[in-house]
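Asks: Mind looking at a prediction? Sequence and model below.
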Amino acid sequence: MIDPLQQQLEDLAARSGKPVEAFLWVLQALEHTRQRLRREGHVTARELLDGQRDLALQKFGPMAYDVLSHWGRQPGPDIGQLVFAMVEAGLLAKTDEDGLADFHPDHEFPEAFVKN
């Protein structure tokens, strides 16, 4: 029997055309970010982007850029689209101040993983 969250993610993936793994990655990055910040609840887009970068570097080391690129994902806009799809599906919440534009990183994708 499939658990309810998995079913919701599969339904969301089917509706959005995005792979379930992409949504699972967002949830992993969110949990990692909360642990890193030592708090529960809301995190900002910037905090989530930084947490995603940190998690990718921990999991994939110097290959983080190549792995995420191979998945066809950019750290800012793509994760923002996934987050807001999850918000619309009722899986995540946002504040009135949160917007998709918040997920546009202030650094270039390769620089975030390779140069730093």
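Replies: Yes, it's here. Residues are numbered from 1 along each chain as shown.
Asks: the helices in the protein, which residues?
Replies: 4-16, 20-37, 45-60, 64-70, 77-88, 109-110 (DSSP state H).
Asks: Would you mark the buried spots in the third one?
Replies: By 16 or more other CB atoms under 10 Å, the buried positions in helix 45-60 come out as Ala45, Glu47, Leu48, Leu49, Asp50, Gly51, Gln52, Arg53, Leu55, Ala56, Leu57. The way it works is simple: take the backbone N, C-alpha and C, and place the C-beta from them, glycine included.
Asks: Leu91: which of these is nearest?
Replies: Leu91 lies nearest to Leu48 out of these, by CB to CB, at 14.5 Å.
Asks: how close does that closest one get to Val67?
Replies: Distance from Leu48 to Val67, counting by CB to CB, to the nearest Å: 18 Å.
Asks: Ala29 too?
Replies: As defined by CB to CB, Ala29 lies at a distance of 14 Å from Val67.
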